[in-house]
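> Using only what follows, build the 3D model:
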Amino acid sequence: MSYRVAFLDLDDTLYPPASGVWNAIGERIQVFMMDRLGLSYEQATGLRRRYFEEYGTTLNGLWHNHAVDPQEYLAFVHAVPLEEMLERDPDLAGMLRELPQQRVVFTNANRQHAERVLACLGITHEIDAIVDLFALEMVNKPEPAAYQRAMALAGVDDPAACVLADDLPRNLHPARSMGMTTVLVGPGPADGGADVHIQRINDLVAALPRLREPIDG
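Predicted coordinates:
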C-alpha cells in the first residue's frame, strides 16, 4: 500500500530545537502558571511536568483542573517573536512540494501558532491542512483518540497509509501501535521505538524513499 497522508508535527519538528522557540514558549508557560495559580517557579515547573505526563500537554491539565481558558492560555504562551527566531527554509519547501501525499500538520498547538510557524519557514503553500488542538476537540497526542480523529479529518481510514513525523517518541508510540509508519525527528534516543530516525525533517524523503511512490487509486 502506498502512503496517502504525511502527518507532520509542528514545534521542534519542522524547525530545529536550536532555534529556541520551544524554550521561549516554555518560559511563558511558567509565567502563566505562576501568575494564574500563584505558584513559585519551582512549583510551576513540577506541576507543568506532572500535567505533561498525565494529560499530554500542560494545557489539558490546566483546563481540566483549573478551568483555564484554552484560547487565552495559547494566545499568551505563543506570544514569542517567531519572526526573529525562524527563517525561511527553501530546502524544506522543495522537499514537501515533491510529496504526492496529503501534507498535514498534526499539532497539540493551535492553528494560529501553526500558521505563524509555517509563514516564517516559507512553507505555507506546501501544507494542505492543519489539524490542531481544537480540531482534535481538546484530545491531544499521545491519546489514541487524537490519531483516529486526525485520520478522519484527513479522510483516511487505514493507518498503514499514514506516516507520522514527530520529535517526541511518546507521540510516535501510539501511531506505530496503530500501524502508521513513524519517523522520529531530531536528537531523540536512537532506540526511541520509531521506524525511522532522522536528525532533520528535510531528510524525510531520503530516509523513507517510499514517500516518492505514486498514490494508488
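> Check which helices and strands the host helix or strand of residue 172 sits against.
Secondary-structure element containing residue 172, defined by DSSP states H and E: helix 169-178. With contacts defined as 3 or more CB pairs under 8 Å, 6 or more residues apart in numbering; DSSP states H and E, helix 169-178 has these neighbours: helix 144-154, strand 162-166, strand 181-185. Quick note: C-beta positions are derived from backbone N, CA and C, even for glycine.
> Now do the host helix or strand of residue 130, average pLDDT.
With elements delineated by DSSP H and E, residue 130 resides in strand 129-131, which encompasses its position. Throughout strand 129-131, pLDDT has a mean value of 98.
> Just confirm residue 21 contacts residue 83, I think it does.
No - using CB atoms under 8 Å, residue 21 is not in contact with residue 83, being 11.0 Å away.
> okay, the two: which has more neighbours?
The neighbour count for residue 21 versus residue 83, taken as other CB atoms under 10 Å, is higher for residue 21 (23 against 10).
> Tell me the confidence at the more buried one?
Residue 21 carries a pLDDT value of 97.
> For it, which residues are in contact?
11-12, 15, 80, 82, 85-86, 117 (CB atoms under 8 Å, 6 or more residues apart in numbering).
> Emit the ChimeraX select command for whichever of those are buried.
The ChimeraX selection below is limited to those of the contacts of residue 21 classed as buried (16 or more other CB atoms under 10 Å):
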select :11,12,15,80,82,86,117
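> Could you pick out which of the contacts of residue 21 are located in helices?
Cross-referencing the contacts of residue 21 against helices under DSSP state H gives 82, 85, 117.
> didn't the second one look like it was pressed against residue 23?
No - taking contact to mean CB under 8 Å, the distance of 9.7 Å between residue 85 and residue 23 leaves them out of contact.
> Do you have the strands of the protein handy? List them.
Along the chain, counting by DSSP state E, strands occupy 5-8, 102-106, 129-131, 162-166, 181-185, 196-198.
> Kindly present those as JSON lines, with separate columns for mean neighbour count.
Conversion of the strands of the chain to JSON lines gives the following (neighbours: other CB atoms under 10 Å):
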{"stretch": "strand 5-8", "mean neighbour count": "26"}
{"stretch": "strand 102-106", "mean neighbour count": "23"}
{"stretch": "strand 129-131", "mean neighbour count": "19"}
{"stretch": "strand 162-166", "mean neighbour count": "26"}
{"stretch": "strand 181-185", "mean neighbour count": "26"}
{"stretch": "strand 196-198", "mean neighbour count": "17"}
